[in-house]
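> got a predicted structure here, sequence first:
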Amino acid sequence: MGKGIFAGFAGTAAMTAGQLVEMKLRGRKGSTTPGDLVCGLLGVVPEGDAERERFSGLVHWTRGTGWGVLRGLLGAAGLRGVPALAADFAIIMGGDFVLLTARGVAPAPWRWTREDLAVEALHKGVLATATHLAYQQLDR
């Protein structure tokens, strides 16, 4: 799991870089959805937009790094290669959809545009792939 944490941090860094490029290309602002989710779960109410954005950034890095623990558990269970990457991606993508929809923070995925679904899958794919590659290097 320790290797997974470091791998998750690397994956989050790669995903964040990709998101920054995508936001610039599409002219969109950063999302506070992950922070909004955790605020609802913990009963935290940030004071103003700057605090909300800062809290969302903290949640973004914490959750992304935490997903690395999942990759470590998959490795500990003996899952390797493409099956490990596919399982990691499916759990991350599916987990986000279920949790965000269940908490009412985001609409159900079938209500998203195709473009938004594709962008989300791309970002989560980068997270899972970069985490997977980092984990493989650490596990050698």
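Perfect, thanks for sending it. Numbering: from 1, shown residues only.
> ranges for the helices of the chain?
2-26, 33-42, 49-76, 81-102, 114-138 (DSSP state H).
> for R71, grab the count of nearby residues.
31 (other Cβ atoms under 10 Å). Placement of C-beta: from N, CA and C, glycine included.
> and what of A108?
11.
> average model confidence for stretch 14-26?
The average of the pLDDT scores along stretch 14-26 is 96.
> just to revisit the earlier point, lowest-confidence stretch among the helices of the chain?
Lowest mean pLDDT within these: helix 33-42, a mean of 88.
> buried set for it?
For helix 33-42, the buried set under the neighbour-count rule, 16 or more other Cβ atoms under 10 Å, comprises 33-39.
> so how far is that helix off the chain centroid?
Mean-position distance between helix 33-42 and its chain equals 14 Å (Cα atoms, centre = their mean, to the nearest Å).
> which residues touch it?
44-46, 52-53, 55-60, 63, 99-100, 103-106 (Cβ atoms under 8 Å, 6 or more residues apart in numbering).
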